[in-house]
Structures are given as structure tokens and as C-alpha cells.
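Asks: Pasted the sequence and its predicted model underneath.
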Amino acid sequence: MNGLREQRGAAIELSRVSKAYGSFKALDDISLQIQPGEFMTLLGPSGSGKTTTLNVVAGFTEVSSGTLQIGGSNVVGVPAHKRNIGVVFQHYALFPHMTVGRNVAYPLRLRGVGKAELETRVRRALDMVKMADFAYRYPSELSGGQQQRVALARSIVFDPPLLLMDEPLGALDKKLREWLQLEIKRIHRELGTTFVYVTHDQEEALVLSDRIAVFNRGRIEQIGTGHDLYDAPETLFVGRFIGDSTVLRGAARSDGSSTALDVAGETVTVPRRHRDTDRPVMLLRPEKLVMRKPGVDRSDNENRLSGTVSEAIYLGSGSKYEVLLRDGSTGIVRSSLTDQSFAIGDAVELCFRGADAKLLADDSTADTTLT
Amino acid sequence: MSAGAARAEEDTGSASRRSLRPLALALPALVLLVAVIGIPLATIVLRSFNDPEWGFQNYVWFFGTPVNLVVLQRTFTMAAWVTVVCVICAYPYAYAMSVAGPKIRLLLTLCVLIPFWVSGVVRTLAWMILLQDSGIINMVLRAGGFEGIRLIRTQTGVIIGMAQILLPFMILPLYSVMKGIDLRLVQAARSLGAAPPRAFFSVYLPLSLPGVYAGAIIVFILALGFYITPALLGGPRSTMLSTLVQNQVLSLLQWGRGGAMGVVLLVATFLLLALAGPLMRQRYKLAAR
Ligand SMILES: Nc1ncnc2c1ncn2[C@@H]1O[C@H](COP(=O)(O)OP(=O)(O)OP(=O)(O)O)[C@@H](O)[C@H]1O
Ligand SMILES: [Mg+2]
């Protein structure tokens, strides 16, 4: 984080928070620490508990157990309207009977801000989201993206130390979403407020966040920077949820310095520096795989798996290939090379260095919950 | 003529036929409306000017007779009270309906509709039993050691009875507006710092007002012309205009005077609607969102 920035954000600490609906645990022992001014994203598939976590922080949902501190003080039991937190909802939630200006002024009126100051602050907030020209329009007269910018202005106008956003761009098209992501990033930089952002879109999470908490079935699988999650996933779920990956399963034998895996009738060896598990799964990122025509010489420390190209996707800057391996699993390769292009049906070999593979514990839930 | 032009002609032909079709569908009701309401209405207006002879004599009589003006004013006052009572009772009820689960909502809806299936006369008679000096309300009061109160043949009694009968006309439009209000807006207001009462008054109430206006206009207009309940529950001090009309026409056979009263009521109602127009338009503006 920028050291020069004024630290106006609040720290948040959820510790051992659970939320049960009947016998169903929407949140199961969640612990999460967020630094002042940090951009934290809660990422996970549908139903994994992201909104519930946000609602707990906002005060819309009471926890079943655990503690929650915002800015150093315990807020369990404090009603939503006393928490001084900005919230942006996926459904915008602008008041339809108020103009844009009045919507943005609403939290200031509640706080008894005087007329002159109110006007400057409303203008400043609208300027920040580039909506100053729309102050006299009604929400129904705005596009979705414009409405969401107004909602953002309304939730930052009272300078909350913490801003929560629940899939704020979920209803918008891709171009607009990408543009607004950059706007949100800029606003975060300018304000120094702590942002907690919910999304199920891993690319969005990578673009925006300082750190990402990956949710799965009411639990947090891993918390880390995008880099951490991509390069060093701790669970198979995280590895599969963030970025593309090739997942290989097979019987494992460990000896001294390496683990050998029998995958699709071929044996691959991986250095044994990874955490040991009984039933390891091997995860490979697309850029760590090299695709070759069969029969080309290989260097000694390379593993190879044979298969056939089942899908070739042109991405502009390069190509992405799906390769059907002998055991029926799919390898994903990305290549920026244009000289050696492959066609669907070509027999190929996937080569990789053992050190580039990650061995993780197998997890049956990781497959079914992909988005 | 080219084939294209022929098709174009055919199209316009069917288009004009299509534009007439809604009219054909509306025809039976249209005939009823014109014949059953329009013709007698025209007759009444005509008679108010020509019975017993041409001129403004009936209106001169109406506005020159103090008791008529007293009753006219009372009619408006009582209709206003009925409307107020209806709003107060219907608002929480309609809210409960809009947030209740399906079972409770069905029960609440039935409770609104059942009175519709029972005639107004029967319900008024039921009120007589309840409100009488020796009726159930007074019996309970006396049993509790309180003094009995006069309800029957008072304005209070009439207002209670009319409000009860007209309540569904307030509840239903209110409910239809309330169930369209996004409760997440109230949550948003809370997150922005509004305590629950403030969130209600600044967000929920304004959004529900179109339903209040719609219901209030219907109830007020129906109350202005109410006949049975004031006639049966009321006394001489709670006579409403409809009773005077009935008296002029059926007892005194003064069709002109009765007609003039009807026209005065009609014009007053139209004036009211014109005043309420802007409010109704606001409703459509909101609905368009
Ligand atoms: N009021 C409630 N009563 C019962 N179950 C609930 C309630 N609210 C949420 N849940 C359950 O809790 C789980 C987590 O819900 P939550 O809304 O937090 O998911 P989410 O991660 O935000 O998903 P999405 O991406 O679809 O918004 C879901 O299985 C949901 O069905
Ligand atoms: Mg959600």
C-alpha cells in the first residue's frame, strides 16, 4: 500500500465467525483480518457465504458465534445504522423517489450536515464517480452503470472508514465492468478507505484486490495476494478457481527426493518439496506446459504426457489449447507462439518440468463448484 | 398493381381491422355503461334544469336552503373521516399482507374479500346489532364497569360502519403498491445511517403514498355517495346527501331537486379528482421506474 496515503480506513477482524440457518452453516468458523485501507476481495462460487459475510460486517445479519471488530471495537450487536459503513449493492438500491443529488445527499442529511457543506460534499462525491452532470435526474432515467456510480457516490459521500460492495458490477456488461473496475481502483486509491468487495469473477478479483479471500461452502480456503493464490494455491479448490489449470490424478510413490505419479499410463516425477498427502493431485498452470509434436527430443528433467488436441482457441495475443490425455483428463496449454500452430485432432506431447507442478490434497468438492 | 403494393394494402386493411377489434370486445360493457349509467345520468342532469320548468330554480333552492349546505358539508367531512380511519387501519394491514408468508397472506386476503361476498345491507345490520345502546359493544363496556356510549344514530357510528365496509377498497390498492416496494431499499437506508423510523418515513412511506392516494380517492368518492349505512346506522344529525336525495325523489317526488343534488355531488367529485390528478400522475411516474 502507498505509505504516503492518509490512513483513513478501518481495520476489520472477524474471528471464528459462524452463521447457522437451522442446521445449515452458511458461515463455518470464518477468521479474516483486513488491514486499514486494504482492498480485500471475497471470492467464491455461488452460495459459498460471501454475501453472508458482508451482511455480518454491515450489521444486516447477526452472527451465531464468533466476534467481529471494526476499527478496534467490537460491533457484535451494534445495529446497521450505527456502524457508519458504506454499502454498495448489486441491485443499486437507489431511492426511486429522489433525484441523484438527493440520493447522494441522503446520508449527509441523516447526519445533520449543513446546507453549504452538504452541497460541496455531494458535488465532490458525484465528481469522483463522474456523474456531476446528472444530479437532477431520477434513477429511472439512468443506465445501469450510471446508477451504480451514483450508488457508489452515495456510499462514499459520508466518508465511511469502510466500504462494502456486493457484486456491484454483476449486472453490467463486460466492457463497462472493466472500465468501472479501474474507476473503483482509482477511487480506492484516492480515498484510503478499507474496501471489502464481493465477486465470483476471479479475473475481477485479480484486477482489483490487494488480497483475496477464497470462499468455499461457508469456509475460507485461502487468503493471499492474487500472486500467492495463482502460484501457491494451498488447496485444489483454490488452484482450480483461480486461473486455468491442468489437474492430474494417479497413484503416487514417494522415494527420498521425488514423488512419482502414474498418470494416464505414463510416469511423471516431481521433486518432493511439496507437502505430503496420501492421495496427491498434480496441478499445472497452462504457461508451465509446453506442447510439442511427438518424437521431438526432450531434455532429461522433463516429464511428458501424450494426448490429442481437442480444442484450439485463438485469443489474439496467443492461443489456448485443450488437450485430451489418455486417461480422459484435459490438459490446458497457453501459447504465445504463432510459428507452430496446432489443429484439433493433432497428436501432441505436453512437456513440463517437475518443479513447476504443485502437489495438492485431492478434494472432491473442487470439481463440482467451478464457475 | 404490384404484389408488394397489394400486400401493403392487405396489411393496412388488417391493421385497421385489428384496431377495431378492441372496440368490439368492449362493446357489451360499453352498451351497459352508456345505457345503464349514461342515459339516466343525462336524464338527471336534464331534470335538474327542467323539472318542474326550465331554469336554475333547483340550484337556487339547493344553495338557498341552509340545511342542504349543512348536509353537503357534513357529507364531505364524514367522507374525509371515513377515509382517514380507512388509511389508519388499512396501512399496517396491507403492509402485513405484503411481507407475510404465503399462508398468512392468503388468510389476510380472504379476510379482506369475504366481506365483499356479504351484502352491504347485511353488514350494516350486523353493525346495528354491535352498536345499539343495548348492543354487544355497550354490553361489554357495562360489564367492564364502564358507562355505555351512544354509537347508533351518531356520526361516530356511521363513520365506523362505513369505514369497515369501505376498508377493502383501501387495503387492496395499498397492498398492490406495497408488494412492489423493494424492501432492500429500506436496508440501504439503514446502511446509510437511518434508524428504523427514519428509514420508514424517508423511504418506505413516500414509496407507498401512491397506494394511499389511490385508495383514499376511491374510498372518499364511494363514501360521498354512500346510502344504506348512513340511512340505517345514522340519525337526524348524521344525515348525508344521499339520504336527502332519496327523500326528495322518493318521498316528495321532486325529481328536479334530487337531480340538482346529484349534479352538485358529481361536480364536487370531479373537482376532487382534478385536484388529485397531479398526485395520480406522480404515481405513474413512480410506476414507470
Ligand atoms: N436467510 C437465509 N436463510 C437460510 N439460508 C440462507 C439465508 N441466507 C443465506 N442462506 C444460505 O447461505 C448460503 C450462503 O449464502 P450467500 O448469500 O452468502 O452466498 P453468496 O456467496 O453470496 O452467493 P452468490 O454468489 O450466489 O451471491 C447459501 O447456501 C444460502 O442459501
Ligand atoms: Mg451473494
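Replies: Structure received. Note that the coordinates shown come from a computational prediction; the quantities given were computed from them, not determined experimentally. Ligands and ions are numbered 1, 2, ... in the order given.
Asks: Looking at residue 277 now. What's its pLDDT?
Replies: No chain was given, so I picked chain A. pLDDT for residue A:277: 63.
Asks: My question was about chain B, not that one.
Replies: At residue B:277, pLDDT is 75.
Asks: same thing with residue A:273?
Replies: pLDDT, residue A:273: 58.
Asks: cool, residue A:326 as well?
Replies: You'll see residue A:326 listed with a pLDDT of 84.
Asks: Now do the contacts for the nearest residue to it once chain neighbours are set aside.
Replies: Counting by C-beta to C-beta, 6 or more residues apart in numbering or on different chains, residue A:264 is the residue found nearest to residue A:326 once chain neighbours are left out, at 4.0 Å. The way it works is simple: take the backbone N, C-alpha and C, and place the C-beta from them, glycine included. With contact set as C-beta atoms under 8 Å, 6 or more residues apart in numbering or on different chains, residue A:264 has these partners: A:248, A:250, A:305, A:307, A:325-327, A:329.
Asks: rerun at 7 Å
Replies: Residue A:264 sits next to A:305, A:325-327 when contact means C-beta atoms under 7 Å, 6 or more residues apart in numbering or on different chains.
Asks: Restricted to buried residues, select those residues in PyMOL.
Replies: Restricted to buried positions by 16 or more other C-beta atoms under 10 Å in any protein chain shown, the PyMOL selection for these reads:
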select buried, chain A and resi 305+325
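Asks: what's the helix or strand for residue A:19?
Replies: Secondary structure assignment for residue A:19, by DSSP states H and E: strand A:12-21.
Asks: Give the pairing partners of that strand; include direction for each.
Replies: According to DSSP bridges, strand A:12-21 has the following sheet partners: strand A:24-34 (antiparallel), strand A:65-70 (antiparallel).
Asks: Please tell me the pLDDT value assigned to the residue nearest to residue A:326.
Replies: 74.
Asks: quick one: it from residue A:57, how far?
Replies: As judged by C-beta to C-beta, to the nearest Å, residue A:264 and residue A:57 stand 46 Å apart.
Asks: Likewise for residue A:363?
Replies: Look at residue A:363 and residue A:57: by C-beta to C-beta, they are 28 Å apart.
Asks: next one: residue A:266
Replies: Plainly put, residue A:266 is 49 Å away from residue A:57 if you go by C-beta to C-beta.
Asks: between these two, who's got more neighbours?
Replies: Set side by side, residue A:266 and residue A:57 show more neighbours around residue A:57, with 24 against 16, by other C-beta atoms under 10 Å in any protein chain shown.
Asks: lowest average confidence, helix or strand, in the chain?
Replies: Using chain A. For chain A, counting by mean pLDDT, DSSP states H and E, helix A:365-368 ranks last in confidence among helices and strands (a mean of 58).
Asks: Can you look at chain B instead?
Replies: Ranked by mean pLDDT, DSSP H and E, the helix or strand of chain B with the weakest confidence is helix B:3-32, at a mean of 67.
Asks: tell me which residues in the next helix or strand after that one are buried?
Replies: Sequence order places helix B:39-50 as the next helix or strand after helix B:3-32, per DSSP H and E. Across helix B:39-50, burial judged by 16+ other C-beta under 10 Å covers B:44, B:47-49.
Asks: Longest strand in chain A, please.
Replies: Using DSSP state E to define each element, chain A has its longest strand at strand A:302-314.
Asks: Can you name the residues of chain A that neighbour chain B?
Replies: Contact residues, chain A versus chain B (C-beta under 7 Å from any C-beta of the partner chain): A:58, A:60, A:80-81, A:85, A:87, A:89, A:91, A:93, A:95-97, A:106-107, A:110-111, A:140, A:154, A:158.
Asks: quick one, domains of chain A?
Replies: Domains of chain A are assigned by automatic domain parsing as A:12-237, A:246-367.
Asks: what ranges do the helices span in the stretch 101-250 of chain B?
Replies: Per DSSP state H, counting those that start in this stretch, the stretch 101-250 of chain B carries helices over the ranges B:102-117, B:120-131, B:136-143, B:155-178, B:184-191, B:196-199, B:205-224, B:228-233, B:241-246.
Asks: These: which one's closest to chain A?
Replies: Closest approach to chain A among the helices of the stretch 101-250 of chain B is made by helix B:184-191 (3.8 Å; C-beta to the nearest C-beta).
Asks: Would you mind listing the buried residues in that closest one?
Replies: Using 16+ other C-beta under 10 Å as the test for burial, helix B:184-191 gives B:185-191.
Asks: So that helix, near ligand 1 or not?
Replies: No: Helix B:184-191 lies out of reach of ligand 1 by C-beta under 6 Å from any ligand atom, never closer than 12.9 Å.
Asks: got the residues of chain B near chain A?
Replies: When proximity is defined as C-beta under 7 Å from any C-beta, chain B approaches chain A at B:184-185, B:187-188, B:190-195, B:198, B:203, B:206-207, B:286, B:288-289.
Asks: where do the strands sit along the stretch 151-300 of chain A?
Replies: For the stretch 151-300 of chain A, the strands defined by DSSP state E, counting those that start in this stretch cover A:162-166, A:194-199, A:211-216, A:219-224, A:246-249, A:251-255, A:258-263, A:266-271, A:280-284, A:290-292.
Asks: will you turn the contacts of residue A:264 into JSON lines that also has distance to ligand 1?
Replies: Output for those, formatted as JSON lines (distance: C-beta to the nearest ligand atom, whole Å):
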{"residue": "A:305", "distance to ligand 1": "35"}
{"residue": "A:325", "distance to ligand 1": "32"}
{"residue": "A:326", "distance to ligand 1": "36"}
{"residue": "A:327", "distance to ligand 1": "33"}
